[in-house]
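K.L.:
attaching a predicted model along with its sequence, questions to come.
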Protein chains: 2
Amino acid sequence: MKEKTLSSLCTPALVVDVDKVKRNARRMIERCQNLGVQLRPHMKTHKTLYDNRCSDTHLNSGSRRCIAVSTLAEACFYADRGFDDIIYAYSLPLDKVERCADLSERLDLFQILLDHPHALDELKKRPLRDSRLWHVWLKLDCGNGRAGVLHSQPEALSLAQAIVGTKGVELTGVYAHCGNSYNCRGVEQIQAVAQETTDLTLQFMEKLKASGITCKSSIGSTPSCSHPVKDMGKLSEVHPGNYGFYDVQQSVIGSCTLEEVAVKVLTRVIGHCPHRNQLLIDCGWCGLSLDGAGKLPTGYAVIEGHPDLKLLSMSQEHGQVEPISGPLDYSKFPLGSLLTLIPYHSCATAAMHPVYHVHSEGRLLGKWTPTRGW
Amino acid sequence: MKEKTLSSLCTPALVVDVDKVKRNARRMIERCQNLGVQLRPHMKTHKTLYDNRCSDTHLNSGSRRCIAVSTLAEACFYADRGFDDIIYAYSLPLDKVERCADLSERLDLFQILLDHPHALDELKKRPLRDSRLWHVWLKLDCGNGRAGVLHSQPEALSLAQAIVGTKGVELTGVYAHCGNSYNCRGVEQIQAVAQETTDLTLQFMEKLKASGITCKSSIGSTPSCSHPVKDMGKLSEVHPGNYGFYDVQQSVIGSCTLEEVAVKVLTRVIGHCPHRNQLLIDCGWCGLSLDGAGKLPTGYAVIEGHPDLKLLSMSQEHGQVEPISGPLDYSKFPLGSLLTLIPYHSCATAAMHPVYHVHSEGRLLGKWTPTRGW
């Protein structure tokens, strides 16, 4: 059979460079080994099963254990494929207690996050079968400003104490997401956020210890784990997710170089519009997402090999490309020719694709199918 | 069995009010009947099969004929379910000629769009089996500024003549999308665009006639077809798509009222953040899309029944809601309580959901599963 190459794909198509994924994964594993901290990869970016060529490097070990997920759809997807030791890294929503109970009774180690006494009350109402324990991580907000109990508030300690004091529930750990690292530019700023989140988490662990409580600790974000500070070695775990794919956003933050981005969207030129000095491409927001609007001089993406082009606007299935300055040389972009978009945010771009095309040096190896929904 | 209501759904969930869809569809059918023009619904918004409760009203007749689609995935989805007379309403991409040939040989009437002589050359190279004809619509740009040959350029007429002069190819019609109606505010502006697109299309038909060519004509967009002008009755067809669902954008344009929007996203309050005067909800961009950024005083959506709230920002699975002014009254929004988001752009929101939950007056009737990809 003839070997299939990227140019045989109908576009738009999400393509994954498996060698880059492996390299990105290997580096993260090495960083964590050097720090002496457990890596718990977050699956929310790709939401799929890396095949055998990749899973042994992406995960910590050959075993299918120790992951974080953002939805119960992901949790079930991985549980159905033999994964265990899964953290549902989302403060327990009250409508999903029963589904979490099912997973807790089914898996060896299904773990949840909690940031409010109401959620603890719901756990009390739903004891697990066979004297199993609810494995609960306290979600701590160390300055990220999204979910979690604020580290500085007395409610954080009292909630931890309430968890410890509840029958059938175990305080497994303290979990903080340093999403504020996404505002950083450069390693110095990233490491300042990593240091601050680590310090605040470790200070909270000390408070717990002072009241007789010991448990694990975990922080994470791809920027902070791409440039970790030494003190992160004092934590039990880290949980970055985007680093397997990376994206333009991570390169702007300083987590990676643009060359390390492993996921691209192939698109084709489908129209010449000399009266507007534009090209039309067959990738709209359905193939890229609208994430990154207004963030880059090159528009919604970086067009590989064409730093002079801007992806100006998109509708559902069309993109409009124009030069950043000067007239467009149409002879360089014949109808049907391929362009490669490096996405601003790979989590958002991957979410638009029902299938990812995996390649090594341009040779297609197969397809990965992600899960969707909640 | 106990009747299931909306509040039984895990969130975020896309819910479709089937009665509103029926009503929106019936009105569009009536408008077209009054005009004397054939309605060809565009399926790109919902990409699914309305079940029997709805299909007879959404389509023109009980028969599964006469639709437009934006991708070949949609074309195949409908063809596999017994639909025929399908327009692939996307200027023929050169990488998809063979797949279009397959559909042309398989269906009674598969039709394509064309706006460049190169694409015609590709059709010449791929004659259809059994002396079948390629059914081609010339894609005309009447001021929309996306795909199509500019109506004012001599290339438009010469391409039509080249299509007519090519063996194995039939010029079936002239197709124009008045997407520029999306810049309108109010009926008067909408009708001005509808009139202009109609006039330009009919003038082009006259030019064709003068050179001995007769064929069909079709224009469309949900705004123009929601407030059609009389002259649209002189066209053969119209092809709106969004009108079954509608959305906030269409209400802002003036195509519909906010009450007519048939698709919503249910979400729940998952966090109280008094230190930021915010609520957290369990709908991020994964459940709503980022379409509409900066367009509404209420942020990324309208929160039904709460015109004083703003969906300020979203990450993958979280939304941050704050009052437009003043302090938030948290007693009105207990943890776990439901909020209903009316999406800015239903095409973009529907694209994020692997399943739509269909209800009548809040009673769940079933699920619709859309197709995805290309």
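P.N.:
Perfect, thanks for sending it.
K.L.:
look up phi and psi at A:Ile342.
P.N.:
Phi and psi for A:Ile342, reported as degrees, to the nearest 10, are phi -100, psi 120.
K.L.:
identify the bridge partners of it.
P.N.:
Applying DSSP bridges to A:Ile342 gives these bridge partners: A:Val302.
K.L.:
what number of residues lie near it?
P.N.:
Neighbour count of A:Ile342, defined by other CB atoms under 10 Å in any protein chain shown: 21. Placement of C-beta: from N, CA and C, glycine included.
K.L.:
show me the contacts for A:Phe204.
P.N.:
A:140, A:151, A:156-157, A:174 (CB atoms under 8 Å, 6 or more residues apart in numbering or on different chains).
K.L.:
where do the helices sit along the stretch 1-150 of chain A?
P.N.:
Along the stretch 1-150 of chain A, counting by DSSP state H, counting those that start in this stretch, helices occupy A:18-35, A:52-58, A:72-80, A:97-106, A:117-125.
K.L.:
which one of the ones you listed lies nearest to B:Tyr344?
P.N.:
Nearest to B:Tyr344 among the helices of the stretch 1-150 of chain A is helix A:72-80; the distance by CB to CB comes to 24.5 Å.
K.L.:
quick check: angle from the closest one to helix A:97-106?
P.N.:
20 degrees (axes from the mean of the first three to the mean of the last three CA atoms, to 10 degrees).
K.L.:
ok now helix A:72-80, how far from the chain's centre?
P.N.:
How far helix A:72-80 lies from its chain's middle: 16 Å, per CA atoms, centre = their mean, to the nearest Å.
K.L.:
kindly report the same for stretch A:256-270.
P.N.:
17 Å.
K.L.:
which of the residues in that stretch are buried?
P.N.:
Within stretch A:256-270, the residues scored as buried using 16 or more other CB atoms under 10 Å in any protein chain shown are A:256, A:260-270.
K.L.:
mean confidence score for that stretch?
P.N.:
Per-residue pLDDT values over stretch A:256-270 give a mean of 98.
K.L.:
which residue packs closest to A:Lys44, ignoring adjacent ones?
P.N.:
A:Ser70 (3.8 Å; CB to CB, 6 or more residues apart in numbering or on different chains).
K.L.:
show me which residues of the stretch 101-250 of chain A are close to chain B?
P.N.:
Proximity of the stretch 101-250 of chain A to chain B (CB under 8 Å from any CB of the partner chain) is limited to residues A:115-116, A:118-119, A:145-147, A:150, A:179.
K.L.:
one more time with 10 Å
P.N.:
A:115-119, A:122, A:139, A:141, A:145-150, A:152-153, A:177, A:179, A:182, A:241 (CB under 10 Å from any CB of the partner chain).
K.L.:
give the buried subset of those residues as a ChimeraX selection command.
P.N.:
A single ChimeraX command selects the buried members of these (16+ other CB under 10 Å):
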select /A:115,116,119,122,139,141,146,147,148,149,150,177,179,182,241
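K.L.:
max-length helix in chain A?
P.N.:
Secondary structure of chain A per DSSP state H: the longest helix is helix A:187-210.
K.L.:
after that one, next one along is what?
P.N.:
strand A:216-220 (DSSP states H and E).
K.L.:
now the element after that next one, going C-ward?
P.N.:
helix A:222-226.
K.L.:
just checking, what packs against that next one?
P.N.:
With contacts defined as 3 or more CB pairs under 10 Å, 6 or more residues apart in numbering or on different chains; DSSP states H and E, the packing partners of helix A:222-226 are helix A:18-35, helix A:187-210, helix A:248-253.
K.L.:
not counting its neighbours along the chain, what's nearest the residue of chain A positioned farthest from its centre?
P.N.:
Relative to the centre of chain A, the most outlying C-alpha is that of A:His275, 41.1 Å out, by CA atoms, centre = their mean. Nearest residue to A:His275 in three dimensions, chain neighbours excluded: B:Leu150, at 6.4 Å (CB to CB, 6+ apart).
K.L.:
who's in contact with that neighbour?
P.N.:
A:273, A:275-276, B:115, B:140-143, B:156 (CB atoms under 10 Å, 6 or more residues apart in numbering or on different chains).
K.L.:
rerun at 7 Å
P.N.:
By CB atoms under 7 Å, 6 or more residues apart in numbering or on different chains, the residues touching B:Leu150 are A:275, B:141, B:156.
K.L.:
can I get those in a markdown table with distance to A:Asp329?
P.N.:
Below are the contacts of B:Leu150 laid out as a markdown table (distance: CB to CB, whole Å):
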| residue | distance to A:Asp329 |
| --- | --- |
| A:His275 | 16 |
| B:Asp141 | 22 |
| B:Ala156 | 25 |
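K.L.:
circling back: could you give the bridge partners of the residue nearest to A:His275?
P.N.:
B:Asp141.
K.L.:
what's the pLDDT at it?
P.N.:
pLDDT, read off for B:Leu150, is 95.
K.L.:
same check, this time on A:Gly62
P.N.:
57.
K.L.:
ok, for the closest residue to chain B within the stretch 1-150 of chain A, nearest residue in space, not its chain neighbours?
P.N.:
Chain B sits closest to A:Leu94 of the stretch 1-150 of chain A, with a gap of 3.7 Å, by CB to the nearest CB. In this structure, A:Leu94 finds its nearest non-sequential neighbour in B:Gly336, 3.7 Å apart by CB to CB, 6+ apart.
K.L.:
give me the number of residues near that neighbour?
P.N.:
Applying other CB under 10 Å, we find 17 other residues in the vicinity of B:Gly336.
K.L.:
equivalent analysis for A:Cys286, please.
P.N.:
So A:Cys286, with other CB under 10 Å, has 23 neighbours.
K.L.:
quick check: the residue nearest to A:Leu94 vs A:Ala119, distance?
P.N.:
Using CB to CB, to the nearest Å, one obtains 9 Å as the distance from B:Gly336 to A:Ala119.
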